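Enquirer: Quick one, structure for this:
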Amino acid sequence: MIKIIAFDIGGVLAYLDKQQLTNHEKLLLQFYLNKEKMDFELEQEVTEKIDSIYQKLYIPIEKNFQALESIVKSGYLPSIWTNNRPAITAWIESSGIGKYLLPQFLCNSCNMPSGVNKPKPMFYIHALRQMGTLSNQVLFIDDNKKNIIEGEKLGISGIQYQTEQNLEEEIKQKIKQLERKYL
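Expert: Here you go, the predicted structure:
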């Protein structure tokens, strides 16, 4: 029985729009993402500005935020499963998603052992342990088919999201399909 709906961020709850950034912000983002060696002043500037850069970079997909709110109202627990950097946490809070999440339901590869990220099996194992749940209790939504396939190998049901889909309807249909399977 599904109890948790796990959402990827990039491509599912938000899209990335680097066009919103100035050239200098793009440079700072590049340093941040690549963890390139920086002099102290540049590192300090990246630290000071990265949260505001993420606010501009990640554009919420409103219809999918509505789907998240709907699943919460239906009694399911939302989770975030992402390969991201720590700066995404401020975006999650400012976007409003944070109010729905239990702290242990934010499963970010940057908080896992080094090298553990989607689609590696250890990402999913770590996320399940972190949430204290079983694989058959999670429905995972990601735009990357490979991430879905790897999760399914571990017993995690998945939906590959594509922008033209009505995510709320897809979730409802998948849950009905899974409920029939378990009856």
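Enquirer: C-alpha only now, for contacts and for neighbours.
Expert: Noted.
Enquirer: The chain: helices as residue ranges?
Expert: Along the chain, the stretches classed as helices by DSSP state H are 23-34, 40-57, 62-73, 88-95, 121-131, 145-153, 167-182.
Enquirer: Could you save those as JSON lines and add columns showing mean neighbour count?
Expert: Listed next are the helices of the chain as JSON lines, based on neighbours: other CA atoms under 10 Å:
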{"stretch": "helix 23-34", "mean neighbour count": "14"}
{"stretch": "helix 40-57", "mean neighbour count": "15"}
{"stretch": "helix 62-73", "mean neighbour count": "16"}
{"stretch": "helix 88-95", "mean neighbour count": "16"}
{"stretch": "helix 121-131", "mean neighbour count": "18"}
{"stretch": "helix 145-153", "mean neighbour count": "18"}
{"stretch": "helix 167-182", "mean neighbour count": "14"}
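Enquirer: Dump those helices into CSV; add mean pLDDT and distance to residue 115 as well.
Expert: Below are those laid out as CSV (pLDDT from 0 to 100; distance: least, CA to CA, whole Å):
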stretch, mean pLDDT, distance to residue 115
helix 23-34, 90, 14
helix 40-57, 90, 23
helix 62-73, 95, 29
helix 88-95, 94, 18
helix 121-131, 97, 9
helix 145-153, 97, 15
helix 167-182, 91, 30
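Enquirer: Show me the one of those that comes nearest residue 139.
Expert: Closest to residue 139 of the helices of the chain is helix 167-182 (CA to CA; 8.1 Å).
Enquirer: Give me the helices and strands touching that closest one, please.
Expert: If you count contacts as 3 or more CA pairs under 8 Å, 6 or more residues apart in numbering; DSSP states H and E, helix 167-182 packs onto helix 62-73, strand 157-160.
Enquirer: want to throw these into TSV with distance to residue 7?
Expert: TSV is the format used below for the helices and strands packed on helix 167-182 (distance: least, CA to CA, whole Å):
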stretch	distance to residue 7
helix 62-73	9
strand 157-160	10
